[in-house]
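> What shape does this take:
(2 chains)
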Amino acid sequence: MAAPRLTSPLQAVPLALLVVLEAWVVIDLLGVGDRRWAVGLGILWIANILLLALSAIFRWRLARWVGLVGLGSAYVVMHALVLGVQLVAALAFVSLLIAQVELRILAERFAPLFAATITPAERRKIGGALMRAVVRLAIALVFSIVVPLLTANLSATGLVPVTTIPTAFLLSAALVAVVVLLALLPAMEQRVPDSSIGMTGRKG
Amino acid sequence: MRTSLSSGLAAASLGLLLFGLALQSWQVVLLSLPPIIVLALGSLAPPPRPRIVAVRSVGRERIAAGQEVDVELIVRNEGPVLDLVEVADLFPREFALVRGTNRAVDSLESGGTLVLAYTIRSDVKGDYVLGPVRARSFDPLALGAEDAVLDLRSRIVVAPAMEDLRRVPLQPRRTRPWFGQVPSRRIGAGTEFWGIREYASGDEVRRINWKASARFERLYTNEYEGERSGDVVIVVDARRESFVGTDANNPIEHGVRAALGIADRVLSTKNRAGLIVQRNVLDVVPLAFGRKQLYRILEHLTHVRPGGEWPFAHVATVLSRFFPRDCLVVLITPLQDRGALGTVIGLVARGYDVAIVSPSGLEIERRLRNSTEVDETAYRILRMERVNLIGQLRRVAQVVDWDPATPLALALRRMVTWPRPA
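Below you'll find the model as predicted:
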């Protein structure tokens, strides 16, 4: 039978994270003094809520994507243009947003497996796979906060000046190179022929 | 293989970078790092390419349309651990899944196995191939995926369902010299009394008519009507224009069902049967007796698909070349074109005995549509045209107007004799 001890938290955590993120944006939004900005950002926030609600009701993936982009945009625009960016909080927000997406995907993929598994051995096997994924995600999230902070600290001490235009260009060029490399890596891998074999037979 | 999430993370990173550069805000520029770091760390541990071995067991390799078949696929992982793998055993779209599932997502250890057990059914006849097996190894964080295709194929032949025509008096009018079950209106070996004649040396004792012999004080022998066999050629019109309706419910599918039933009936009554199918090509099965011939006809009918745009009159050419003139020609056609009239008149003029079974495409189409007033008017007009054509055909041949929703035997039994007497 299902393993509610595992599946319930697996499905609840992404939702809880989303609620935290939405509340975070609302609290920050209340601090916006300029009425025009407050209204504009409020509309963006309401649009994101509506889209997420629609995606939950009608299972529209595109609406969910656009809703999450709306949530992130509302936060970044609000802080970049109105409130000012507090680096640690902003990094935490972006990392939590990524974590929410990843955890929802994990929940979507692993919850049905737990629901369908019967034997403890199978449950252990799937639990192991889930644990490996969560550990990888946790490491990635820690790095995603620590590395930019380290960069900021290095720039503050003057070792790596990120505030100059040439450095910004260099950084952007490096990012573009990383993205291009990541996109090309699968194509550059040497394809080995399938070693899989199949047999067919008759039942009974 | 990249996923939408990895593309989304890369796009978010680039967007934040450009936004930061535009605002000249180093903090926003630094915000572009988290997505790219998650992406980079995700790419350091890509999902392994699935290396699997599979065995598929199929309950039966030959089934009748509408019959269920059990399939079991056992997949074993011969490669490294697959945290999340989706295995799909593909089958043709003509099949419907009845029970179980043909795809599953699971976590497979090295040497671990996954069993897919399912039951499928096809209402459309044909020669199908199950497979291939597709396996996709997912990165649980949705940052990549690897595909593998296992070329494992299993053949399943779905034979058309057969109409039950056991009680239908279906027989050729003209007979051939071979023994059979058709009264030949000639003296010969049979069971029906024909007359008596004077006893001749060598006559069997059990054929002596003792009553007549006693009355005339001479020996008389009974004579019987010879029972012989005849030839029936079944012509199936499977041209593209005869196709109306869905894959499972169209005049060609019903025509094939009727052809098989008629062939079975003809062959079981010790007559010879042949087949012509007019589709992309002209299939011809020469006349022959017996069970093997039924299988030959079944094999050809199984592969019938709508196709070909040639005139119906081509059938007459094939008939005159490959089949004798004293055979009964059973045309199975929805009579979608008026050219059929000329062809049938031509066949009758050449001396063929012609009978027509016409599965009504009009009735099929009517059932598939929501009936509006316009549809009803169109139906009445087309119905009148059809009745008119059938009326003209009935002057030269026996015509069975068959609504495929009813059993063919019922439509055939409405005829007084079939085919009509000479």
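
> Tell me the secondary structure at B:Pro140.
coil (DSSP: H, G, I helix; E, B strand; the rest coil).

> Could you list the single helix or strand in the chain with the lowest mean pLDDT?
Chain wasn't specified; assuming chain A. Averaged element by element with mean pLDDT, DSSP states H and E, chain A has its least confident helix or strand at strand A:197-202 (a mean of 60).

> not what I meant, chain B
Least confident helix or strand of chain B, by mean pLDDT, DSSP H and E, is strand B:179-187 with a mean of 69.

> OK, now which residue of chain B is nearest to chain A?
Using C-beta to the nearest C-beta, the single residue of chain B nearest to chain A is B:Leu152, 2.9 Å away. Where you see a C-beta, it was placed from the backbone N, CA and C, and this is true even at glycine.

> can you give me the strands for the stretch 101-250 of chain B?
B:103-108, B:113-122, B:126-130, B:133-138, B:145-150, B:154-159, B:179-187, B:193-198, B:220-228, B:231-237 (DSSP state E, counting those that start in this stretch).

> who does the first one pair up with?
Sheet pairing for strand B:103-108, assigned by DSSP bridges, gives strand B:82-89 (antiparallel).

> Tell me the helix or strand right after the strand it pairs with.
strand B:95-100 (DSSP states H and E).

> In space, not sequence, find me the middle residue of chain A.
Centroid-nearest residue in chain A, with C-alpha atoms, centre = their mean: A:Ile98, separated by 1.6 Å.

> Can you tell me how far that one is from chain B?
As judged by C-beta to the nearest C-beta, to the nearest Å, A:Ile98 and chain B stand 5 Å apart.

> For the helix or strand containing that residue, name the packing helices and strands.
Per DSSP H and E, A:Ile98 falls inside helix A:87-116. Judged by 3 or more C-beta pairs under 8 Å, 6 or more residues apart in numbering or on different chains; DSSP states H and E, the packing partners of helix A:87-116 are helix A:4-30, helix A:61-77, helix A:120-157, helix B:4-23, helix B:26-31, helix B:33-44, strand B:103-108.

> So what touches the second one?
By that I understand helix A:61-77. A:21-22, A:24-25, A:28-29, A:41, A:44-45, A:47-52, A:54-56, A:90, A:93-94, A:97, A:100-101, B:8, B:12, B:16, B:19, B:28, B:31 (C-beta atoms under 8 Å, 6 or more residues apart in numbering or on different chains).

> Any of those residues buried? List them.
A:21-22, A:24-25, A:28-29, A:41, A:44-45, A:47-48, A:51-52, A:54-55, A:90, A:93-94, A:97, A:100-101, B:8, B:12, B:16, B:19, B:28, B:31 (16 or more other C-beta atoms under 10 Å in any protein chain shown).

> Of all residues in chain B, which one is nearest the centre?
Note: chain B centre (C-alpha atoms, centre = their mean) maps to B:Lys125, 2.9 Å.

> tell me the contacts of that one?
Per C-beta under 8 Å, 6+ apart, neighbours of B:Lys125: B:Ala65, B:Val158, B:Ala159, B:Pro160, B:Ala161, B:Glu253, B:Val256, B:Leu301, B:Thr302, B:Val304.

> Greatest separation within those residues: which pair is it?
Longest distance between any two of the contacts of B:Lys125 is 13.6 Å, between B:Ala161 and B:Val304; criterion C-beta to C-beta.

> After the helix or strand hosting B:Thr317, which helix or strand is next?
Per DSSP H and E, B:Thr317 falls inside helix B:314-322. Counting by DSSP H and E, the next helix or strand C-terminal to helix B:314-322 is strand B:328-332.

> now for the next helix or strand after that next one, which elements pack on it?
Next along the chain after strand B:328-332, taking DSSP H and E as the criterion, comes helix B:339-349. Judged by 3+ C-beta pairs under 8 Å, 6+ apart, the packing partners of helix B:339-349 are helix B:314-322, strand B:328-332, strand B:353-359, helix B:373-393.

> Burial-wise, tell me which of those comes out on top.
strand B:328-332 (a mean of 27; mean count of other C-beta atoms under 10 Å in any protein chain shown).

> what's in contact with that strand?
Contacts of strand B:328-332 (C-beta under 8 Å, 6+ apart): B:172-174, B:230-237, B:255, B:258-259, B:262, B:315, B:319, B:323, B:340, B:344, B:347, B:352-359, B:397, B:419.

> Let me see the mean pLDDT of the host helix or strand of B:Arg76.
Assigned by DSSP H and E, B:Arg76 belongs to strand B:68-77. Strand B:68-77 carries an average pLDDT of 94.

> can it be found next to chain A?
Yes. Using C-beta under 8 Å from any C-beta of the partner chain, we find that strand B:68-77 touches chain A at B:Asp70, B:Glu72.

> Pull up the pairing partners for that strand, direction included.
The strands that strand B:68-77 pairs with in its sheet are strand B:52-58 (antiparallel), strand B:113-122 (antiparallel) (by DSSP bridges).

> Can you give the distance from the first one to the centre of its chain?
The reference is to strand B:52-58. Centre-to-centre, strand B:52-58 and its host chain are 27 Å apart (C-alpha atoms, centre = their mean, to the nearest Å).

> ditto for the last one
Counting by C-alpha atoms, centre = their mean, strand B:113-122 is centred 23 Å from the centre of its parent chain.

> Okay, angle between that strand and strand B:154-159 too, please.
20 degrees (axes from the mean of the first three to the mean of the last three C-alpha atoms, to 10 degrees).

> Same question for strand B:113-122: list its buried residues.
With burial defined by 16+ other C-beta under 10 Å, the residues of strand B:113-122 counted as buried are B:Leu114, B:Leu116, B:Tyr118, B:Thr119, B:Ile120, B:Arg121, B:Ser122.

> so where's chain A uncertain?
Along chain A, the parts satisfying pLDDT under 70 run over A:1-7, A:117-118, A:156-173, A:175-176, A:178-204.

> Roughly how far does the residue nearest to the centre of chain A sit from A:Val69?
When distance is defined by C-beta to C-beta, to the nearest Å, A:Ile98 is 13 Å away from A:Val69.

> quick one on the thing from earlier: what about the residue of chain B closest to chain A, how many residues close to it?
A total of 23 residues lie near B:Leu152 under the criterion other C-beta atoms under 10 Å in any protein chain shown.

> I'd say it and B:Ala54 touch.
Yes. Assessed by C-beta atoms under 8 Å, B:Leu152 is found in contact with B:Ala54 at 5.3 Å.

> What is the neighbour count of A:Pro112?
For A:Pro112, using other C-beta under 10 Å, the count is 14.

> Distance-wise, check it relative to B:Gly59.
28 Å.

> sorry, back to before: so the strand holding B:Arg76 versus strand B:126-130, what angle?
Orientation check (the same axes, to 10 degrees): strand B:68-77 against strand B:126-130 gives 20 degrees.

> how far is strand B:68-77 from where the chain is centred?
25 Å.
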